[in-house]
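K.L.:
Fold the following and give me the result.
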Amino acid sequence: MSGNGALTFTAPIEPPFPPEYRAAGLLLHVTSLPSPYGVGDLGSSAFSWIDRLHDAGLAWWQVLPLGPIGYGNSPYQPMSSFASNALLISPDSLISDGLIQASDAQSHFPADAVDYDSVVPFKQRLLETAWANFKDGQRSARDLAPAYDEFCATQAHWLDDYALFRALKEKYHGVYYLEWPSELVRRSPNALAEARRELASQIDQVRFAQFLLSRQTDQLKEHAHAKGVSLIGDLPFFVSPDSSDVWANPELFLLDEQRRPRFVAGVPPDYFSAHGQLWGNPAYNWDALRSTGYQWCIDRLRALLAHVDVIRLDHFRGFAAAWHVPAGAPTAQTGRWVAGPGASFFQAVQTELGHLPFIAEDLGMITADVQALRDQFQLPGMRVLQFAFDGHADNPYLPHNFVHNTVAYTGTHDNATTRQWYDELTDYQRQNFWSYLKRAPGTSEDAAPELMQLAWSSPAALAIAPLQDLLNLGSEARMNVPGRAEGNWRWRVREDMMSSQAFQWLRDLTESSKRSVSPATPVRAQVDREGATIFR
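P.N.:
Numbers count the residues shown, from 1 in each chain. Prediction:
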């Protein structure tokens, strides 16, 4: 810190991937894993999945945000930036810990989709049973008690507010927190103290669920590292308006006197939307955040890095400038670009964490200032091959335009599966695709393996494909359709779909493209005190 309070920055910047690094991974959200309990979880199927990645020579597993889902069951609208999604708790692990009986977890759910209306109350009942048994002080519970107490103490800076927020949410039947009594909205100390007394048991149960999640994610991360697999998490840029983040920290957001957002996030009109997009998330008060050295933001990063090794920074362009739309505007057309924190944010993070374990989601309307910010800190960007075939040789998503410090994707969770993508291409785009591959035109069945081979053979340091593309699945396996409010985030893979032939093909591809993990591959050089991987 200099004498005038400005940050100085002297530590050397190094990209996350060494100059000769080549590796590969798969994208699959935890909820999409096989499980008899209606939704993928952190239990045995996640361990088996890591084993599959290891056996295929892969070094990376990328997931979507792990926070408690909010509106539309979206992981990008979490009710907290610090908490984890209780749906991910493994019933099998609860049985192993002696917190529930096997008979408690008997269930019948569809294997290929998440039925949230059924799964949420089922998991809630299991947690209530586990909490009751823990409170009763059974032997297994007594063994967990010291670790639970330590967790509550070390995580109190976010856990106490989140647990109270969730207990109040339940009391008021899930309504937007601004519809609670005004003394709770404004966090009157007397009202909060009374709520904590009244809802003490519910609050403790929320704390306990977060403890279980922390315990299970620690075990999973330890297993991944033992297998040479690193984890990529995902951090939404904005927070949900109906979240403990906003309720507990109103000064960090641009709110009016009634605690409603003065501006909401979105994107301006473009080729895809004449009116732009309104997302509704509150805008940050960057002046307030800067005055604290971005401490809340850094705490947010630390919370996720406890579970993963590298973070994909969603909507990276927001760090340079974000589109602010006046609250109440019918469309995003009346918004304007407002500068984000820029370099000072990453300088503060580098100072606090000692490294920048990030992938920049630099998709969409990317301007020169966004690219300059990404490159100043040597953050790898994303290159999605499905965007490449418009016929222009300078298209940045064509592999011959990649730099090494890049993560190449066939598609992302927001894209159609590659098979569906090919079906929806124009004849002109299909011609460009096959011409670029220098081969005779094929069919939609050929598109995904060809795109994976293109990503794996590219100069990018890291190549990633959604599991749907490895399995060559169509529109039925799409994870999310941006702009569609319902029916997203439901897809699951069945165990019988995990064909050994597909994973053997993947292993051969990974080896032939020199991306296979071996004892000589410098996947991990050291681990910092938070458990986050530092690449050198």
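K.L.:
Where does H324 sit: helix, strand or coil?
P.N.:
What DSSP: H, G, I helix; E, B strand; the rest coil gives for H324 is strand.
K.L.:
helix or strand for M382, which one?
P.N.:
Element membership for M382 (DSSP states H and E) is strand 381-384.
K.L.:
Beyond the longest helix anywhere in the chain, next helix or strand please.
P.N.:
Secondary structure of the chain per DSSP state H: the longest helix is helix 200-226. Next along the chain after helix 200-226, taking DSSP H and E as the criterion, comes strand 230-235.
K.L.:
which strands and helices sit next to that next one?
P.N.:
When contacts are defined as 3 or more CB pairs under 8 Å, 6 or more residues apart in numbering; DSSP states H and E, strand 230-235 packs onto strand 60-62, helix 200-226, helix 295-305, strand 310-313. Where you see a C-beta, it was placed from the backbone N, CA and C, and this is true even at glycine.
K.L.:
Now mean pLDDT too, for the ones you listed, in JSON lines please.
P.N.:
Formatted as JSON lines, the helices and strands packed on strand 230-235 follow (pLDDT from 0 to 100):
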{"stretch": "strand 60-62", "mean pLDDT": "98"}
{"stretch": "helix 200-226", "mean pLDDT": "98"}
{"stretch": "helix 295-305", "mean pLDDT": "98"}
{"stretch": "strand 310-313", "mean pLDDT": "98"}
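K.L.:
among the ones you listed, which is the most enclosed?
P.N.:
strand 60-62 (a mean of 25; mean count of other CB atoms under 10 Å).
K.L.:
For it, name the packing helices and strands.
P.N.:
Contacts defined by 3+ CB pairs under 8 Å, 6+ apart place strand 60-62 against strand 23-27, helix 44-55, strand 230-235, strand 462-466.
K.L.:
7 Å instead?
P.N.:
If you count contacts as 3 or more CB pairs under 7 Å, 6 or more residues apart in numbering; DSSP states H and E, strand 60-62 packs onto strand 23-27, strand 230-235, strand 462-466.
K.L.:
possible to save the ones you listed as CSV with mean pLDDT?
P.N.:
Listed next are these as CSV, based on pLDDT from 0 to 100:
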stretch, mean pLDDT
strand 23-27, 98
strand 230-235, 98
strand 462-466, 98
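K.L.:
okay, these, which one's buried deepest?
P.N.:
Greatest average neighbour count among those goes to strand 462-466 (a mean of 28), per mean count of other CB under 10 Å.
K.L.:
ok, then the element right after it?
P.N.:
helix 467-470.
K.L.:
returning to that earlier point: helices or strands next to the longest helix of the chain in the packing?
P.N.:
Using 3+ CB pairs under 7 Å, 6+ apart, the elements in contact with helix 200-226 are helix 44-55, helix 116-135, helix 139-154, helix 156-171, strand 230-235.
K.L.:
Which of those sits closest to L27?
P.N.:
Among the helices and strands packed on helix 200-226, the nearest to L27 by CB to CB is strand 230-235 (8.3 Å).
K.L.:
Whichever helix or strand comes after the strand holding M382 - what's its average pLDDT?
P.N.:
Where DSSP H and E defines the elements, the next helix or strand beyond strand 381-384 is strand 406-409. For strand 406-409, the mean per-residue pLDDT is 98.
K.L.:
Show me how far strand 406-409 is from its chain's centre.
P.N.:
Averaged C-alpha coordinates place strand 406-409 at 17 Å from its chain's average position (CA atoms, centre = their mean, to the nearest Å).
K.L.:
Contacts for the next helix-or-strand element following that strand, please.
P.N.:
Next helix or strand after strand 406-409 toward the C-terminus (DSSP H and E): helix 418-423. With contact meaning CB atoms under 7 Å, 6 or more residues apart in numbering, helix 418-423 is reached by 386, 410-411, 415, 444, 447-448, 451, 469, 472-475, 478.
K.L.:
cutoff 6 Å now
P.N.:
Outside helix 418-423, the residues within contact range by CB atoms under 6 Å, 6 or more residues apart in numbering are Q386, T410, G411, S444, A447, A448, L451, D469, N472, G474, S475.
K.L.:
tell me which residues of the helix or strand following it are tucked away?
P.N.:
Where DSSP H and E defines the elements, the next helix or strand beyond helix 418-423 is helix 427-437. The neighbour-count check on helix 427-437 (16 or more other CB atoms under 10 Å) flags R430, N432, F433, W434, Y436, L437 as buried.
K.L.:
Of all the helices and strands packed on helix 200-226, which one is nearest L255?
P.N.:
Nearest of the helices and strands packed on helix 200-226 to L255, taken as CB to CB: helix 156-171 at 16.3 Å.
K.L.:
gap between N401 and W456?
P.N.:
17 Å (CB to CB, to the nearest Å).
K.L.:
Would you check that P380 makes contact with N405?
P.N.:
Yes: assessed by CB atoms under 6 Å, P380 is found in contact with N405 at 4.8 Å.
K.L.:
higher neighbour count, these two?
P.N.:
Between P380 and N405, P380 has the larger neighbour count (other CB atoms under 10 Å), namely 24 against 20.
K.L.:
And for G381, the neighbour number?
P.N.:
22.
K.L.:
do V175 as well
P.N.:
Neighbour tally, V175, other CB under 10 Å: 11.
K.L.:
Mind giving me the ChimeraX command for buried ones among the contacts of helix 418-423?
P.N.:
Buried residues within the contacts of helix 418-423, by 16+ other CB under 10 Å, are selected in ChimeraX with:
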select :386,410,411,444,447,448,451,469,472,474
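K.L.:
I'd like the contacts of helix 418-423 as a markdown table, with distance to E183 appended.
P.N.:
Below are the contacts of helix 418-423 laid out as a markdown table (distance: CB to CB, whole Å):
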| residue | distance to E183 |
| --- | --- |
| Q386 | 51 |
| T410 | 52 |
| G411 | 48 |
| S444 | 59 |
| A447 | 58 |
| A448 | 56 |
| L451 | 56 |
| D469 | 52 |
| N472 | 56 |
| G474 | 53 |
| S475 | 49 |
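K.L.:
which of the contacts of helix 418-423 lies closest to Q77?
P.N.:
Nearest member of the contacts of helix 418-423 to Q77, counting by CB to CB, is G411, at 21.8 Å.
K.L.:
dump the residue contacts of the closest one.
P.N.:
Per CB under 6 Å, 6+ apart, neighbours of G411: Q386, T418.
K.L.:
quick one: P326 from R262, how far?
P.N.:
Going from P326 to R262 by CB to CB gives 7 Å.
K.L.:
Does S80 belong to a helix, a strand or coil?
P.N.:
coil.
K.L.:
got a list of what it touches?
P.N.:
Residues near S80 by CB under 6 Å, 6+ apart: G67, P68, Y162, S243, S244.
K.L.:
Tell me the one of those residues nearest S512?
P.N.:
Minimum separation from S512 among those (CB to CB) is found for G67, which lies at 37.9 Å.
K.L.:
Could you find the closest non-adjacent residue to that closest one?
P.N.:
P78 (2.9 Å; CB to CB, 6 or more residues apart in numbering).
K.L.:
Report how many residues lie close to that neighbour.
P.N.:
24.
K.L.:
and if you look at D270?
P.N.:
Neighbours around D270, by other CB under 10 Å: 12.
K.L.:
Find me the pLDDT at it, would you?
P.N.:
77.
K.L.:
Which secondary structure state is assigned to it?
P.N.:
Three-state call for D270 (three-state DSSP): coil.
K.L.:
Quick check: it vs Q210, distance?
P.N.:
Here D270 is placed at a distance of 39 Å from Q210 (CB to CB).
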